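J.: Predicted structure and sequence below. I'll ask about it afterward.
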Amino acid sequence: MEQMKNEGYRVQQYDGPVKRFCQTLDLKDNPELIAEYRRRHSEGEAWSEIIEGIREVGILEMEIYLLGTRLFMIVEAPVDFDWDKSMARLSTLPRQQEWEDYMAEFQVAAQGASSNDKWQMMERIFHLYK
């Protein structure tokens, strides 16, 4: 795993422009809980209804990165994507709140909080393009 993060991660290419949202959330400072959180997000472990719901609201790509107890999520969506409407819709989809409650065991967040309540939107303060 160490070598992979030093080599970088491929980024999906799209036919048109997309926009990116970046969010952060802290996990409880417990190595066993963090290991279990990682396992529950590994390929084949995340609930299919959650993956389907993410796609259904229009999200193209979602990545979560971990450093210590800090999570960093990148979400890519079409340029006409409305974050607030999409998150409100996501919260009503099958098993979504059950998943959020299931993950709350690991997160520094209030029980019963939605994904949009837990994950804090980050501000971009620098970018380097051509």
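T.: The structure has been received and is ready for your questions.

J.: my guess is D101 is in a strand, correct?
T.: No: counting by DSSP: H, G, I helix; E, B strand; the rest coil, D101 is not part of a strand but helix.

J.: Help me confirm that it comes into contact with G112.
T.: Yes: the criterion here is C-beta atoms under 8 Å, and D101 meets it with G112 at 6.9 Å. Quick note: C-beta positions are derived from backbone N, CA and C, even for glycine.

J.: Tell me where the chain has helices.
T.: In the chain, the helices defined using DSSP state H lie at 2-7, 31-40, 48-56, 83-90, 96-104, 115-118.

J.: In TSV, list those along with distance to F72.
T.: What follows is these, written out as TSV (distance: least, C-beta to C-beta, whole Å):
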stretch	distance to F72
helix 2-7	12
helix 31-40	14
helix 48-56	17
helix 83-90	17
helix 96-104	16
helix 115-118	14
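
J.: need the contact list for I59.
T.: V75, E76, A77, F81, S86 (C-beta atoms under 8 Å, 6 or more residues apart in numbering).

J.: of all these, which comes closest to Q107?
T.: Using C-beta to C-beta, V75 is the member of the contacts of I59 that sits closest to Q107, with 17.2 Å.

J.: just to revisit the earlier point, for E45, state which of the contacts of I59 is nearest.
T.: V75 (19.8 Å).

J.: Got the confidence number for that closest one?
T.: Note for V75: predicted pLDDT of 98.

J.: Could I get the contacting residues of the residue most central in space within the chain?
T.: Computing the C-alpha centroid of the chain and ranking residues by C-alpha atoms, centre = their mean puts M73 first, at 4.4 Å. Neighbouring residues of M73 by C-beta under 8 Å, 6+ apart: C22, Q23, T24, L25, M62, E63, I64, Y65, W119.

J.: Restricted to buried residues, select those residues in ChimeraX.
T.: Command for ChimeraX that selects the buried part of the contacts of M73, burial taken from 16 or more other C-beta atoms under 10 Å:
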select :23,25,119
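
J.: Write down the beta-bridge partners of A77, one by one.
T.: Counting by DSSP bridges, A77 forms beta bridges with K19.
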